[in-house]
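What follows is a predicted protein model with its sequence.
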Amino acid sequence: MAGGFELRTVRSRLTLWFAGVLLAALALFSGTVYVAAVAAEAAEDEPEQEKARELDIVRTRLLWALLVSAPLAFVSAGLGARLLSRRALGVLSSVVRTANALSLERLQERIASDPRAGGEVDELVAALNAMLDRIELSASALRRFIADAAHELRTPLAVLMSELEICLRRPRSEAALRETLASALEGLARLSQLVE
């Protein structure tokens, strides 16, 4: 539910929080107005029936005001939350898109910082870029190691292969064959040490 109302999203939580704050402010304001009306009626010198009738009018008007303003408060909270979250989360969406586009072949790229983002997003971008620096260093070290290991393994393998090919091309005495096999076995032992 990309555009829908899902409670797990920041946008939905902001909407509910703003709506709750606005509705609480409306309820507090209405309560304050009613308490002020009760105090004003108590101070007046008129019959109790007249005071009760005027307080009923105040209660009715406050109820209607709340019934009209509560949905407006909820809608304005939703719009406010959507605008704020679109701006704040739009920057995060850009960070996510850039991070998803990175690969081992494109590790030199970094996530650009957006001046509109704010301190928290700047910290996140800096942390991600520092992590990418470390990953790039590790990947470079791994590439160097693989190249060095391949170089170290190629030479003994080439020597072994050439000795065995020469041995197979021409007839050899048993002693010469034993010497070639012993040399090959020695080369294999060195290769085994390299691998370990």
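All right, it came through fine.

What is the longest helix seen in the chain packed up against?
Among the elements of the chain assigned as helix by DSSP state H, the one spanning the most residues is helix 48-101. Where contact means 3 or more Cβ pairs under 8 Å, 6 or more residues apart in numbering; DSSP states H and E, helix 48-101 is packed against helix 10-43, helix 119-169. No exception for glycine: its C-beta is placed from N, CA and C like everyone else's.

Now Ala126: closest residue in space, sequence neighbours ignored.
Ser113 (7.6 Å; Cβ to Cβ, 6 or more residues apart in numbering).

what's the neighbour count on that neighbour?
By other Cβ atoms under 10 Å, the residues close to Ser113 number 14.

Tell me if I'm right that it and Asp122 touch.
Yes. Using Cβ atoms under 8 Å, Ser113 makes contact with Asp122 at a distance of 5.6 Å.

Output the below-cut-off pLDDT ranges for this structure.
Along the chain, segments meeting pLDDT under 70 span 1-7, 117.

Quick check: most distant residue from the centroid of it.
Distance from the C-alpha centroid of the chain peaks at Ser173, with 70.3 Å (Cα atoms, centre = their mean).

and that one, what does it touch?
Ser173 sits next to no residue when contact means Cβ atoms under 8 Å, 6 or more residues apart in numbering.

Now do it against Ile135, distance only.
57 Å (Cβ to Cβ, to the nearest Å).

Check Val33 too.
Distance from Val33 to Ile135, by Cβ to Cβ: 61 Å.

what's the answer for Val10, then?
Counting by Cβ to Cβ, the gap from Val10 to Ile135 is 27 Å.

and Arg178, what element?
Arg178 belongs to helix 174-195 when elements are defined using DSSP states H and E.

What are the buried residues along that helix?
180, 184, 187, 191 (16 or more other Cβ atoms under 10 Å).

quick check, nearest of the residues you listed to Leu142?
Leu191 (21.0 Å; Cβ to Cβ).

number of nearby residues for the nearest residue to the closest one once chain neighbours are set aside?
Sequence neighbours aside, Pro156 is the residue nearest to Leu191 in space, at 5.2 Å (criterion: Cβ to Cβ, 6+ apart). Around Pro156 there are 16 other residues, counting by other Cβ under 10 Å.

same deal with the one 5 residues further on?
Using other Cβ under 10 Å, Met161 has 12 neighbouring residues.
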